[in-house]
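model this:
(chains A and B)
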Amino acid sequence: MSIEPFRRLVKLVARAFYDEEIPPKGANRSKSDKSDNRGIAVVILDALTRRQWVKEEDLARDLRLHPKQLRRTLRVLEEELLILREHRRETVKGAKVYNAAIAAVSEQPSEREGEEKPKVHTHSYCCLDYAQVFDIVRYRIHRSKKKIKDELEDRNTVQEYICPAASCGRRYSALDALRLINVFDGNFHCELCDGELVAESDKLAAAELGDGDGEENARRRRREKLKELYEKLEKQLKPLQDQLTRVKDLAPPDFGSLEAWEKRAIAAGRIPGNDASTSDLPKPSHGQGPSGTPMPFLGETKVEVALAGGDTKKDEGKEEAAQLKVLPPWMIRQGMTLTASQRGEAKSEVKTEDGASLAGPDTKDVKPAEEDKEEQARKIQEEYLKAYYAALLARQQGAEQPTAQPEPVETGAEAADGVEETGERQVGMKAKREDGDEGEAEEDEDVEWEHAAAAEPVEPVVASQDSQFSNVGDPDPAPDPGGEFDDDDDVDWEEG
Amino acid sequence: MFFHIYLERNMQLHPRHFGPHLRDKLISKLIQDVEGTCSGRHGFVVAVTAVETIGQGLIRDGTGYVTFPMKYQCVVFRPFKGEILESVVTMVNKMGFFAEAGPVQIFVSNHLIPDDMVFQSGDVPSYETSDGSVRIQKDSEVRLKIVGTRVDATEIFCIGTIKDDFLGLIGNPGGGA
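The predicted structure follows:
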């Protein structure tokens, strides 16, 4: 789903058509004349391109706008059919669902979880309707061009009539003439209010041109003026036209109705408070309804697939794949610890100690009552392999730069020798183990491995460097035994 | 534009007409029914020219009426956008004028009337050139071009223009050019 061209389209549209003051339609015209809302529509539309469904209060707060002012502009935009709005009376629970959805799609954890409104309240939500924007803009451009062209070529257009009464304002075309005619005075009367209709003068150029000198001259001047106007229109709307043609064959992003979107976002994203990390992509629905268990890890599952994991999905059954998705992030992190042990197994290295540590964090963290141990072990092994390859790649890339020495050197900084991969690592580990807590050292290293893997698809070299630097910077600072420290460290690296 | 086309219709005939002149009765009833009607699809039925076939009659339950499927040939008139028609003005007002070309009604709004013709109210409202040489009023004959049609299921309405070469007045009310 490519959203970027559509975002650009909306931005262009905002600048092309809504950067002036928006005249509010309808009655309370005089009231809003006081406030200057020029350009606000642009800001709001831009903000909406960065969001999906958003509660209008939140939007107002983010934009530092008064909710009323925002609402007024939004109403205009809604009338222009650019955005969808939804109003609903909701209780705390409803707000929670929305908050969860927001947390699922946004980068930051939702910090508003706690603050809940105790009473039933009507909330409004709004969202860009990209498909409609596309159609509307095309239509609008077509109409404006047609109007000028018709007048330019003096093509015979259908005259329109409007009811002058302010309360009515109905429009009729000349095709309705037969129905409108009044038998008594022979004039046109409004069907609704019976007021006499007036012809709508929509001539663009005629108005400002005085007809001082001859008929022919005036006509020529008018034509010139129209031509100029048309060229100007063409020129100024060129970027917009280009974007429209670019977007034409793309499927517009569709967030669906608010409710559907919430469901999908919660299903695809993670529950707030579970973990807060990257992946703000609008996720397509994965067909998993929201259930009791959090299904948090789709983002990184995708990353794995991008790496090498197509086969994992194939040879495992569907339920297993689902299980894999269910794994929470911390689980996988600890799982990497396991994979370290598996690595030992695979390379017939240090097996015994790690085998013990395998069972430890696993059972503690996951409560995998239904989890099949063997299945999991296999998965973990595969994950380890992926991580391993990723790290290998990172190392190869990092090898060019002497400063960014990959993993073995880091261990070698203590062991001070680098021969061959496995042997070297063994040596490194031994050296570490002499220093302090062996499990800790092991875990430390593993975490870093996992990091390389996780960050790999984005920016392999930088990510691995970063993690190594932080490692080198403080080689095992304040040996704090336990998973807490590791987790903290993790977060730091991710942000670094 | 006129067309000569085949149409079909189910005619219902009362039992009292059954007899030696059943067929004649059926045809006259058909002509009475369809001539002058308008369908959005085919236009105005101007005249039935021939009855092609009359099918087997079917007695309808309960009533005694008999339904005959008939296929007939007829002339229809359907106006099209861009078509040139000659028409008679039926009404003039400040918004323009109405004209009739056979069964079809045409409205010419005042901005599709040449700029040199202005509306003159008074006893006989009309559009007139400043020198008075051309004057469009009720019953004038006008050649016009159709610029828009509105086609409903049972109604066709057109708007026309006389703001083009060779369009406009072709005959005055009393007859003659």
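
Which stretches in chain B count as helices?
Remark: helices assigned in chain B by DSSP state H are B:22-34.

most centrally placed residue in it?
With distances taken as Cα atoms, centre = their mean, residue B:103 lies nearest the centre of chain B, 2.1 Å away.

Next, count neighbours for residue 101.
Went with chain A since none was named. Using other Cβ atoms under 10 Å in any protein chain shown, the number of residues around residue A:101 comes to 26. Using the backbone N, CA and C atoms, a C-beta is placed for each residue, glycine as well.

let's do chain B instead
Residue B:101, neighbours per other Cβ under 10 Å, totals 20.

And it, what's its pLDDT?
We have a pLDDT of 92 for residue B:101.

What residues are bridge-paired with it?
Legend: beta-bridge partners of residue B:101 under DSSP bridges are residue B:104.

okay but it is in contact with residue B:84, surely?
No. Here residue B:101 lies out of contact with residue B:84, judged by Cβ atoms under 8 Å, at a distance of 10.0 Å.

domain ranges for chain B?
What automatic domain parsing lists as the domains of chain B is B:2-77, B:84-171.

winner for burial among these?
Stretch with highest mean neighbour count among the domains of chain B: domain B:84-171 (a mean of 18; mean count of other Cβ atoms under 10 Å in any protein chain shown).

out of the domains of chain B, which comes closest to residue A:80?
Closest approach to residue A:80 among these (Cβ to Cβ): domain B:84-171, 27.9 Å.

starting at the chain centroid, how far to that closest one?
Distance of domain B:84-171 from the chain centroid (Cα atoms, centre = their mean, to the nearest Å) equals 16 Å.

Likewise for stretch B:33-40?
From the chain centre to the centre of stretch B:33-40 is a distance of 9 Å (Cα atoms, centre = their mean).

So what would you say the end-to-end distance of it is?
Terminal residues of stretch B:33-40 lie 17 Å apart, using Cα to Cα, to the nearest Å.

any residues touching it, and which ones?
Under the criterion Cβ atoms under 8 Å, 6 or more residues apart in numbering or on different chains, residues B:7, B:9, B:11, B:44-48, B:72, B:74, B:103, B:151-156 lie in contact with stretch B:33-40.

what do you get if the cut-off is 6 Å, keeping everything else the same?
Stretch B:33-40 has contacts (Cβ atoms under 6 Å, 6 or more residues apart in numbering or on different chains) with B:44, B:45, B:151, B:152, B:153, B:154, B:156.

So for the fifth one, what's the nearest residue that isn't a sequence neighbour?
Spelled out, that is residue B:153. Spatial nearest neighbour of residue B:153, chain neighbours left out: residue B:40 (5.1 Å); criterion: Cβ to Cβ, 6 or more residues apart in numbering or on different chains.

any low-confidence regions in the stretch 301-450 of chain A?
A:301-373, A:399-450 (pLDDT under 70).

and if we set it to 80?
A:301-377, A:397-450 (pLDDT under 80).

Tell me the residues of chain B that contact chain A?
Residues of chain B lying close to chain A (Cβ under 6 Å from any Cβ of the partner chain) are B:93, B:95, B:107, B:109, B:111, B:112, B:147, B:148, B:150, B:157, B:159, B:161.

Now render the contacts of stretch B:33-40 as JSON lines, adding pLDDT.
Formatted as JSON lines, those follow (pLDDT from 0 to 100):
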{"residue": "B:44", "pLDDT": "94"}
{"residue": "B:45", "pLDDT": "94"}
{"residue": "B:151", "pLDDT": "90"}
{"residue": "B:152", "pLDDT": "88"}
{"residue": "B:153", "pLDDT": "87"}
{"residue": "B:154", "pLDDT": "87"}
{"residue": "B:156", "pLDDT": "91"}
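
Closest one to residue A:71 out of those residues, please.
Of all the contacts of stretch B:33-40, residue B:152 has the smallest distance to residue A:71: 41.9 Å, by Cβ to Cβ.

How much space separates the closest residue to that closest one other than its chain neighbours from residue B:76?
Spatial nearest neighbour of residue B:152, chain neighbours left out: residue B:40 (5.6 Å); criterion: Cβ to Cβ, 6+ apart. Distance of residue B:40 to residue B:76, given as Cβ to Cβ, to the nearest Å: 12 Å.
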